[in-house]
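Visitor: the following block contains a protein sequence and its predicted model.
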Amino acid sequence: NRQIFLESRPQGEARADNFKLVTSETPPLKDGEVLVRHHYLSLDPYMRGRMNDAKSYAAPQPLGQVMQGGTVGEVVESRSAKFKPGDKVVGMGGWQEYAVVSAEQGGLRKVDTAQVPLSHYLGAVGMPGVTAWYGLTQIIQARQGQTVVVSAASGAVGSAVGVLAKQRGCRAVGIAGGPDKCGYVEKELGFDACVDYKQHADAPSLARALKEACPDGIDGYFENVGGLVMDAVMLRMNAFGRVALCGMIAGYDGKPIPMAYPQLILTNRLLVQGFIVSEHMELWPQALQELGTLVGSGKFRPRESVAQGLESAPEAFLGMLKGRNFGKQVVKLV
Ligand code: NDP
């Protein structure tokens, strides 16, 4: 079994030598355990935060152990009545080719791949999709006729925000880096508009472009990035607008991301609410139901960046933090 360990904690930017590839034997199964062969690993921005030894909502990733993370794969051996060989499952198996999992602890879920390809259970029909659903429906409370803006719009979370907002009769406007990503957001995901933030050197300039894309102002903002992008959106928020603070990837390597216009929260009476999707497990079934139907029916065709082989995981992960991914970043093992 090949595995990737966290070898050292980053000082500033994360680097490939923070990770180490190791090989070990999988232990024999005990009663209640199953052996899963991973087909895909999920690479997610939150993993960067957990590489630090800092106090956060989740405990740090321990050094000298397998990088934790979401996985999908197939049961190849089972000593549990709940799973049989051949079952397709989603779990938290980590950056390794095989995982021994206790079936009784509820960490493993069977999935149906008849309509939805297996890897999408790590993206649109998985944690990132539910994240989009939660912020849009529970915090922004998007309603027909409103304008909703989302940053990192071509990504795993952002793409689902736009598709779900369109389903609710909103005007959906994305912000993304570069013409290819913006073209995809408008033409393939069906957003009403997408603004390329890389074309703008400062927040007022990006805010002017947003004014064109959002002629009635912005009622709901789904924030994935922070910094200049957030400042620009703040300049266009309508009174009583709602901001779902989902992520601030621009600051994950430790750079400060000051906020230029905090007074606008007051003058526009904005609601700004952060959230962590794993704290709302009771809503996952409802969210996954809607997302599964959208993907299964072909109304939502999520894009993926697929890195090949376990050894490619560190570079793919570092690339994603720099925006080199285009859609949900996964690693294909089988
Ligand atoms: P994405 O697939 O969106 O990939 C990350 C994207 O972020 C990149 O492709 C890039 O897109 C953009 N990006 C990276 N650096 C910058 C930067 N400096 N400035 C602007 N954009 C940048 O990742 P996910 O969909 O998995 O995650 C999106 C966000 O959601 C993250 O912030 C993540 O932490 C957060 N999240 C939060 C959860 C929660 O429970 N609160 C759960 C899951 C995710 P581009 O090229 O367009 O800039």
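Guide: Perfect, I can see it now.

Visitor: against the centre of the protein, work out the most remote residue.
Guide: Asp31 (34.2 Å; CA atoms, centre = their mean).

Visitor: please look at that one and Arg79 and confirm they touch.
Guide: Yes - counting by CB atoms under 8 Å, Asp31 touches Arg79, with 5.4 Å between them. For every residue, glycine as well, the C-beta is placed using N, CA and C.

Visitor: which element is Pro60 on?
Guide: Counting by DSSP states H and E, no helix or strand carries Pro60.

Visitor: count the residues that sit near it.
Guide: 15 (other CB atoms under 10 Å).

Visitor: kindly report the same for Leu21.
Guide: Leu21 has 14 nearby residues by other CB under 10 Å.

Visitor: quick check: it is in a strand.
Guide: Yes - counting by DSSP: H, G, I helix; E, B strand; the rest coil, Leu21 is located in a strand.

Visitor: how about the residues of this protein by the ligand?
Guide: 44-46, 128, 131, 152, 154-158, 176-177, 181, 224-225, 229, 246-247, 249-250, 275-277, 320, 323, 325, 328 (CB under 6 Å from any ligand atom).

Visitor: quick one: residues contacting Tyr46.
Guide: The neighbours of Tyr46, taking CB atoms under 8 Å, 6 or more residues apart in numbering as the test, are Ala58, Gly247.

Visitor: revised request: answer the last question for Val130.
Guide: Val277, Leu283, Trp284, Ala287, Leu288, Leu291.

Visitor: would you turn the residues you listed into TSV with secondary structure?
Guide: Output for those, formatted as TSV (three-state DSSP):
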residue	secondary structure
Val277	helix
Leu283	helix
Trp284	helix
Ala287	helix
Leu288	helix
Leu291	helix
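
Visitor: in ChimeraX, how would I select just the buried ones from those?
Guide: In ChimeraX, this line selects whichever of the contacts of Val130 come out buried by 16 or more other CB atoms under 10 Å:
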select :277,284,287,288,291
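
Visitor: so which of the contacts of Val130 comes closest to Asp192?
Guide: Leu291 (20.7 Å; CB to CB).

Visitor: burial of the closest residue to Gly169 other than its chain neighbours, as a residue count?
Guide: Computed as CB to CB, 6 or more residues apart in numbering, the closest residue to Gly169 that is not its neighbour in sequence is Gln144, at 3.5 Å. For Gln144, the count of nearby residues is 7 (other CB under 10 Å).

Visitor: do Asp192 as well
Guide: Asp192: 18 neighbours (other CB under 10 Å).

Visitor: grab the nearest non-local neighbour of it.
Guide: Nearest non-adjacent residue to Asp192, counting by CB to CB, 6+ apart: Arg171, 5.0 Å away.

Visitor: quick check: closest non-adjacent residue to Leu122.
Guide: Leu122's closest residue in space is Ser42 (CB to CB, 6+ apart), at 3.9 Å.

Visitor: and that neighbour, how many neighbours does it have?
Guide: For Ser42, using other CB under 10 Å, the count is 25.

Visitor: how about the contacts made by it?
Guide: Ser42 is in contact with Gly69, Gly70, Thr71, Leu122, Gly123, Gly126, Met127, Lys328, Gln329, Val330, counting by CB under 8 Å, 6+ apart.

Visitor: could you point out which element follows the helix or strand hosting Gly73?
Guide: Using DSSP H and E, Gly73 sits within strand 71-78. Using DSSP H and E, the helix or strand that directly follows strand 71-78 along the chain is strand 88-91.

Visitor: from the chain's centroid, how far away is that following strand?
Guide: Computed by CA atoms, centre = their mean, to the nearest Å, the separation of strand 88-91 from the middle of its chain amounts to 18 Å.

Visitor: got the CA coordinates for the next helix or strand after it in CSV?
Guide: Per DSSP H and E, the first helix or strand lying C-terminal to strand 88-91 is strand 98-102. The C-alpha trace of strand 98-102 is given here as CSV (Å, rounded to 0.1, in the frame of the first residue of the first chain):
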residue,chain,number,x,y,z
TYR,A,98,-5.9,1.2,0.1
ALA,A,99,-7.6,1.8,3.5
VAL,A,100,-8.8,-0.5,6.2
VAL,A,101,-12.0,1.0,7.6
SER,A,102,-14.2,0.0,10.5
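
Visitor: strand 98-102 pairs with which strands?
Guide: Each strand paired with strand 98-102, and its direction, by DSSP bridges: strand 33-42 (antiparallel).

Visitor: could you figure out how far the partner strand is turned away from strand 71-78?
Guide: Strand 33-42 and strand 71-78 are oriented at 160 degrees to each other (axes from the mean of the first three to the mean of the last three CA atoms, to 10 degrees).

Visitor: which positions in strand 33-42 come out as buried?
Guide: Under the neighbour-count criterion of 16+ other CB under 10 Å, strand 33-42 has Glu33, Val34, Leu35, Val36, Arg37, His38, His39, Tyr40, Leu41, Ser42 buried.

Visitor: what about that strand, distance to the chain center?
Guide: Relative to its chain's centre, strand 33-42 lies at 20 Å (CA atoms, centre = their mean).
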